[in-house]
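1. Any chance you could fold what I've pasted below:
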Amino acid sequence: MIMMSLNTTLGKYVKYALNFRLCSGWEHTRYRKKPALGGRYLNDPREIYEFNAWDNVEWDEEQEKEALAAVTKNSTQKMNAEDKEKFQNDADKFWDSFYGVHQNRFFKDRHWLFTEFTELAAPHAAEDQKPRSIFELGCGVGNTILPILKYSNEPQLKVYGCDFSERAIEILKTSKDYDAKRCEVFVMDATLDEWSVPFAEGSLDIIVLIFVLSAIEPTKMSRVAGSCFRYLRPGGLLLFRDYGRYDMAQLRFKSGKCLEDNFYVRGDGTLVYFFTQEEVRDLFCKVGFVEEHSVVDRRLQVNRGRMLKMYRVWIQTKMRKPITETINQ
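-> Residues are numbered from 1 along each chain as shown. This is a model prediction of the structure:
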């Protein structure tokens, strides 16, 4: 009886949403996802619901103030020391639990990788296909690694990945696209002073950090950055993408979920930090990297059924290890 009532309510809601969109003149957008030719720039605010996402949306002063107010509100009450220690010390267990529930269904393959990070794609010319090594920290169930393996025909490509969730590594190894001849993944805590890895220091061509550093305690981030610097070859590249300050996810946290400024615990026990562009720059440049590219990716996503606007913020950076090492003290 309760289920019938729920279904009836949901049916009325869906009907209402569709009728609202139809009456509002947006019915023609029902199946649209991206504008033609991939351009997603909102030049006319009246077209906001024409598609489900827009790139590089500038924030005005009022929106910045509202975001700051929301963060101030949800971070005023910090989590008590005992609970904070539990979430930090048992981070691997919470991620094991997360992957145990979601398996490989939560994340999708990141096909945008080769647009945002063209360096991950295989060279076009066969003569340019020299031996390459790519290492991803926090590889999870392979949402970055698997597309690289799938779309690369490089005969001398070697891909490595680590995660401190044993369950995630188990799931990755069972994927049909996992190629043990070209890929090696293992369990490791990247915050340790010394890494136990199957490659030498100064040997990697590319290190990938995508939505992983945000899950690490802020005081340990510089240690991870320093280890990345050591294991990259001179001239090697670090590719970074993670959550930016005032991202929608940060604004939605309730009071009591904040461990310290801009560092929170989600409902499933996993941790997340929200960066500024300057923080990311300082973090890597202080251990010796040179910044090649940095952008604050502000994206507007819309729910056209409910006529909602959702603002996402990500930091995307490319850092190069100099040919001649100069470490800033």
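2. check contacts around the residue nearest the centre of the chain.
-> When the chain is reduced to its mean C-alpha position, the nearest residue by CA atoms, centre = their mean turns out to be Phe211, at 2.9 Å. Contacts here follow CB atoms under 8 Å, 6 or more residues apart in numbering; on that basis Phe211 touches 138, 241-243. Every C-beta, even on glycine, is put in place using the N, C-alpha and C of the backbone.
3. Recalculate using a threshold of 10 Å.
-> For Phe211, the contacting residues are 107, 110, 138, 140, 143-144, 240-243, 272, 314, taking CB atoms under 10 Å, 6 or more residues apart in numbering as the criterion.
4. what does Glu119 give?
-> For Glu119, the set of contacting residues under the criterion of CB under 10 Å, 6+ apart consists of 113, 132, 134, 205-206, 208, 237, 239, 318.
5. just the helices in this structure please.
-> 2-23, 61-75, 81-89, 91-102, 113-116, 145-151, 166-173, 221-231, 248-251, 277-285 (DSSP state H).
6. Looking at the second one now, give me its mean pLDDT.
-> The average pLDDT within helix 61-75 is 90.
7. Run the chain-centre distance for that helix.
-> Here the centre of helix 61-75 is set off from its chain's centre by 22 Å, with CA atoms, centre = their mean, to the nearest Å.
8. Same check on stretch 234-251?
-> With CA atoms, centre = their mean as the basis, stretch 234-251 stands 7 Å off its chain's centre.
9. distance between the ends of it?
-> Length of stretch 234-251, first residue to last, CA to CA, to the nearest Å: 40 Å.
10. From Leu137, how far out is Asp242?
-> When distance is defined by CB to CB, to the nearest Å, Asp242 is 12 Å away from Leu137.
11. Can you check which residues contact both of these two?
-> When contacts are counted by CB under 10 Å, 6+ apart, Asp242 and Leu137 have 209-210, 212-213 as shared neighbours.
12. Grab the two from those that are most spread out in space.
-> Pairwise distances among the shared contacts of Asp242 and Leu137 were taken by CB to CB; the largest, 9.1 Å, belongs to Ile210 and Leu213.
13. Appreciated, that's everything.
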